[in-house]
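>>> got a predicted structure here, sequence first:
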Amino acid sequence: MYATPILEHLKKNGQQLDLEIAAATGIPLPKVRKSISDLSARGDISTCSMTQFPNGKPVNGTLCRIAGTIPPKAPGRRPGS
């Protein structure tokens, strides 16, 4: 299983698509997807399905992040501040 390199990549780079993880780690996409599914079942990562439309063609992927982490807030003013 490729759990360790995927977890290390997510810890270092934050929220990523499965396609980006596969490209960065060199692990084949089907094996990345299988490992992501196993990690999600164990509760180590949070995932959600995502569809992008580059060049008008739908591309399905899975967005992943370490479970329990919240992405940092965007810089700038907030309404009411």
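Noted; the coordinates are in hand. Residues are numbered from 1 along each chain as shown.
>>> tell me which helix or strand the nearest residue in space to residue 19 that is not next to it in sequence sits in.
Of all residues beyond its chain neighbours, the one nearest residue 19 is residue 61 (5.3 Å), with distances taken as C-beta to C-beta, 6 or more residues apart in numbering. All C-beta spots, glycine's among them, are computed from the backbone N, C-alpha and C. For residue 61, the element it lies in under DSSP states H and E is strand 59-66.
>>> tell me the buried residues in the helix or strand where residue 31 lies?
Under the criterion of DSSP H and E, residue 31 resides in helix 29-42. Using 16 or more other C-beta atoms under 10 Å as the test for burial, helix 29-42 gives 32-33, 35-36, 39-40.
>>> now do stretch 47-65
61-62, 64-65.
>>> so what's residue 46 up against?
Going by C-beta atoms under 8 Å, 6 or more residues apart in numbering, residue 46 touches 40, 64-67.
>>> need the pLDDT of the residue sitting nearest the centre point of the chain.
The residue lying closest to the centre of the chain (C-alpha atoms, centre = their mean) is residue 64, at 2.4 Å. Note on residue 64: pLDDT of 92.
>>> hey, what's it bridged with?
residue 16, residue 47 (DSSP bridges).
>>> mind checking how far it is from residue 47?
5 Å (C-beta to C-beta, to the nearest Å).
>>> overlap in contacts of those two?
Here residue 64 and residue 47 share the contacting residues 36, 40, scored by C-beta under 8 Å, 6+ apart.
>>> which residues of the chain score low on pLDDT?
69-71, 80-81 (pLDDT under 70).
>>> circling back to that earlier point, need the contacts of residue 46 in CSV (columns: distance to residue 2).
As requested, the contacts of residue 46 are exported to CSV (distance: C-beta to C-beta, whole Å):
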residue, distance to residue 2
40, 14
64, 13
65, 17
66, 16
67, 18
